[in-house]
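Novice: Fold the following for me, if possible:
(2 chains, ligands or ions: 2)
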Amino acid sequence: MGTNQGAQTGKELGCAGYINKNCWLANNVNGPPTKRCRYCELAFKKCLFARFLLISSILVVALLLTSFLIERKISEPLVISLFVLIIVYGYYFDRSTESIIVANFSERKAKKAFIELTETLKQKVSDQTKDIKEKNKHLQKMLRTQSEFLDISSHQLRTPVSVIKGVISMILDGDMDDLPKAKQREFLQGVRDKSTKLEMIINDILCASEFDANKFSIKTDSLVIHMEDVVDEAVKNSRLEAKQREIDLRWQKPKRPLPMIRGEAKYLEQAVYNLISNALKYTPSTAMVKEARATRQQKGVVRVTVKKERENIIVCVSDNGIGIPKEEIGKLFHKFARAENATAMYTDGSGLGLFIVKAIVEGHYGKVWAESELKKGTNIYISLPIARPDKQVNALPKSNQSVPVTH
Amino acid sequence: MTNTCKILLIEDDQDQINMYRFKFEKEGFVLISARNGGEGITAARSEKPDIILLDLILVNESGVEVLKKLKSDDVTRDIPVIMLTNLAKKEMKLQSERLGAVDFIVKTQITPSDLVRRVNQELG
Ligand SMILES: Nc1ncnc2c1ncn2[C@@H]1O[C@H](COP(=O)(O)OP(=O)(O)OP(=O)(O)O)[C@@H](O)[C@H]1O
Ligand SMILES: [Mg+2]
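Specialist: Numbering: from 1, shown residues only, chains lettered A, B, ... in the order given. Ligands and ions are numbered 1, 2, ... in the order given. Down below sits the predicted model:
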């Protein structure tokens, strides 16, 4: 019936959901296609109903004319048969129109489904590509971190080795034979320091790569311990370094015991030790500070405190050292991360210390965070949840710092 | 070998400076040290050393950058540079050789006397 053309030219008209209430087709053809009828309000020529009217009136006129020409009068049976003809024609017209509309509708539906399908396929493909790309990126990043890990570690490890080896080979070569004892000792002490350093670096690297591989967390039956004992031990181990760096390391163990926490003393001690050692490292023994009028000398001070705050024990290590640039505070708990001002001043350091602290503290269900102001100083906090007495365990103390709950 | 050969050591680790200073001074060299690239370049320009020993990893910059600067400066261009490093990466070795370093030495692989020998060889 040529209505397909109408479907194409009538695009701007009946989009989905468009209904023309006056359209005969829209009102008379049943089913979903009516709601989508695109043919109403088309140019008169293209309207199906108009076509029906036109064709049937031409039919009527033609029949009337022929019968009139033949019989010279309009007979009753002619009029009746005419009406029957028109009704039959109307019926078939209706049927075929409906089928055209239905066909058109399902064609469009199929088209839409096809488009949708290609869209979802496209989406899926692009999603998967993105996924693969991301995985690839992650892998590359991992490889880069790995090789960076090796680069940095090898540099870190070789530096002390080269001094140890160098000094010892000079001694063996007899280079130091004429040197006064005191000077010789100085070199030997250097060798000892470097071996200690080497040991520390190895420990750090092993520790970090272990924490990296599998997340550490304390067992539920870990012993309860006094955090102040742990801090006390860490401070003791830092005394020598503080003395060498000529920094005032202040720590006052609380007179009354604090509530206990659950954890591994050895690990927590390392975490606190790392913080103290950072504070000592990033604080000059004396610094000139500008004040309103004059500059004044300020002594390097590192202060360690421990206190109870709500349901937590908070350890704070604060210093009046170089501080951390604001924009770098966030990243320092990542592996190998070091701030600009630290690398500019001190070459030692692999950037593993705080990463290890974070792994340990989070393994104890605690938190660690930093507050700092550039050139003013830094406070680093560790917060650990107080052990709940109902979670008592019957483990026996294994070390002098680990005591089971008794109250 | 004249005993007034001047060596510039650009190195950020004080212990290594002490060690190499002791050895080279014992062998009759004059050793000037610089703890970063900027200082090193200034010293190279003003002191005109006979040879430069340059650490690949310096605090704020890479030794390769320092090498580039040394080689693009008319005053310091002709001073031989030996790269000293603890980071043995092939690319860096190639890069520094391309830039005109005469050697690339991994510190742990040589002793101070080896280094003296190498320097003498370069100067002699
Ligand atoms: N008390 C502090 N004051 C100023 N900066 C600090 C302080 N503590 C940490 N930082 C910054 O955080 C960075 C990371 O510290 P982290 O302990 O992880 O590594 P590091 O001290 O550089 O090396 P190492 O692995 O030997 O401890 C430091 O390089 C420094 O920039
Ligand atoms: Mg540290």
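Novice: quick one: the helices in chain B?
Specialist: With DSSP state H as the definition, chain B shows helices at residue ranges B:14-26, B:37-47, B:63-71, B:90-98, B:112-123.
Novice: So the closest residue to ligand 2 within the stretch 51-200 of chain A: helix, strand or coil?
Specialist: With C-beta to the ion, the shortest gap between the stretch 51-200 of chain A and ligand 2 falls at residue A:200, namely 10.1 Å. C-beta coordinates here come from the backbone N, C-alpha and C atoms, glycine included. Secondary structure state of residue A:200, per DSSP: H, G, I helix; E, B strand; the rest coil, is helix.
Novice: hang on, the earlier thing: by mean pLDDT, show me the worst of the helices of chain B.
Specialist: Lowest mean pLDDT within the helices of chain B: helix B:90-98, a mean of 86.
Novice: Just give the closest residue to the residue most central in space within chain B, not the sequence neighbours.
Specialist: For chain B, the residue nearest the mean C-alpha position is residue B:53 (0.8 Å; C-alpha atoms, centre = their mean). Distances taken as C-beta to C-beta, 6 or more residues apart in numbering or on different chains put residue B:9 closest to residue B:53, at 4.8 Å, once the chain neighbours are dropped.
Novice: if I look at that neighbour, how far off is ligand 2?
Specialist: 27 Å (C-beta to the ion, to the nearest Å).
Novice: one step back: out of the helices of chain B, the one nearest residue B:57 is which?
Specialist: Across those, residue B:57 has its closest neighbour in helix B:63-71 (6.5 Å, C-beta to C-beta).
Novice: Need the residues that contact the closest one.
Specialist: Contacts to helix B:63-71, defined as C-beta atoms under 8 Å, 6 or more residues apart in numbering or on different chains, come from residues B:10, B:37, B:40-41, B:44, B:52, B:54-58, B:76-77, B:79, B:81, B:83, B:85, B:92, B:95-96, B:99-101.
Novice: are any of these buried, and which?
Specialist: By neighbour count, with 16 or more other C-beta atoms under 10 Å in any protein chain shown, the contacts of helix B:63-71 hold B:10, B:37, B:40-41, B:44, B:52, B:54-58, B:76, B:79, B:81, B:83, B:85, B:92, B:95-96, B:99, B:101 as buried.
Novice: which ones are touching residue A:168?
Specialist: If you count contacts by C-beta under 8 Å, 6+ apart, then residue A:168 has residue A:191 around it.
Novice: about what we covered before: point out the one among the helices of chain B that comes closest to residue A:362.
Specialist: Across these, closest to residue A:362 is helix B:14-26 (C-beta to C-beta), at 35.3 Å.
Novice: Any buried residues in the closest one, and which?
Specialist: Buried-residue list, helix B:14-26, by 16+ other C-beta under 10 Å: B:15-24, B:26.
Novice: for the stretch 201-350 of chain A, what spans make up the helices?
Specialist: A:227-244, A:265-281, A:340-345 (DSSP state H, counting those that start in this stretch).
Novice: how much space is there between the nearest residue to residue A:250 once chain neighbours are set aside and residue A:150?
Specialist: Once flanking residues are discounted, residue A:250 sits nearest to residue A:303: 4.7 Å by C-beta to C-beta, 6+ apart. Separation of residue A:303 from residue A:150 (C-beta to C-beta, to the nearest Å) stands at 38 Å.
Novice: Looking at these two, which has the bigger crowd around it?
Specialist: Comparing residue A:303 with residue A:150 by other C-beta atoms under 10 Å in any protein chain shown, the one with more neighbours is residue A:303, at 17 against 12.
Novice: Against chain B, how distant is that one?
Specialist: 28 Å (C-beta to the nearest C-beta, to the nearest Å).
Novice: got the contact list for that residue?
Specialist: Contact analysis of residue A:303 by C-beta under 8 Å, 6+ apart lists A:250-251, A:316-319.
Novice: any idea which of these is the one closest to residue A:89?
Specialist: Nearest to residue A:89 out of those is residue A:316 (C-beta to C-beta; 96.9 Å).
Novice: wait, isn't the closest one in contact with residue A:304?
Specialist: Yes. Judged on C-beta atoms under 8 Å, residue A:316 makes contact with residue A:304 at a distance of 7.3 Å.
Novice: Neighbour count: those two, which is higher?
Specialist: Neighbour totals were compared for residue A:316 and residue A:304, and residue A:304 leads with 23 against 16 (other C-beta under 10 Å).
Novice: Could I get the contacting residues of the residue nearest to that one when sequence neighbours are not counted?
Specialist: Spatially, and ignoring its direct neighbours in sequence, residue A:304 is nearest to residue A:251 (4.3 Å; C-beta to C-beta, 6+ apart). By C-beta under 8 Å, 6+ apart, the residues touching residue A:251 are A:231-232, A:235, A:303-305.
Novice: any idea of the pLDDT on residue A:251?
Specialist: Note for residue A:251: predicted pLDDT of 96.
Novice: Kindly identify which of the buried ones among the contacts of helix B:63-71 also come near chain A.
Specialist: For chain A, the contacts drawn from those by C-beta under 8 Å from any C-beta of the partner chain are residue B:57.
Novice: my read: residue A:289 touches residue A:299, true?
Specialist: No. Using C-beta under 8 Å, residue A:289 is not in contact with residue A:299, being 10.5 Å away.
Novice: So what does the residue in chain A sticking out farthest from the centre have for phi and psi?
Specialist: Within chain A, the residue lying farthest from the chain centre (C-alpha atoms, centre = their mean) is residue A:72, at 94.0 Å. Phi and psi for residue A:72, reported as degrees, to the nearest 10, are phi 70, psi 10.
Novice: re the thing from before, which strand residues sit across from the residue nearest to the centre of chain B in the sheet?
Specialist: For residue B:53, the beta-bridge partners are residue B:9, residue B:82 (DSSP bridges).
Novice: I'd like to know how far whatever residue of chain A ends up closest to ligand 1 sits from residue A:310.
Specialist: Residue nearest to ligand 1 within chain A: residue A:353 (2.3 Å; C-beta to the nearest ligand atom). Distance check for residue A:353 against residue A:310: by C-beta to C-beta, it reads 28 Å.
Novice: So between the two, which is more surrounded?
Specialist: residue A:353 (23 against 8).
Novice: contacting residues for that one?
Specialist: Shown in contact with residue A:353 (C-beta under 8 Å, 6+ apart): A:204, A:274, A:277-278.
Novice: I'd like the residues you listed laid out as TSV, including pLDDT, neighbour count and distance to ligand 1.
Specialist: Converted to TSV, the contacts of residue A:353 look like this (pLDDT from 0 to 100; neighbours: other C-beta atoms under 10 Å in any protein chain shown; distance: C-beta to the nearest ligand atom, whole Å):
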residue	pLDDT	neighbour count	distance to ligand 1
A:204	83	21	5
A:274	95	21	6
A:277	93	21	7
A:278	94	23	3
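Novice: Run through the residues of chain A sitting next to ligand 1.
Specialist: Neighbours of ligand 1 within chain A, by C-beta under 6 Å from any ligand atom: A:204, A:274, A:278-279, A:281-282, A:319, A:321-324, A:332, A:337-339, A:342, A:349-355, A:378.
Novice: Any of those buried? List them.
Specialist: By neighbour count, with 16+ other C-beta under 10 Å, these hold A:204, A:274, A:278-279, A:281-282, A:319, A:321-324, A:332, A:338-339, A:342, A:349-355, A:378 as buried.
Novice: Fine by me, we can end here.
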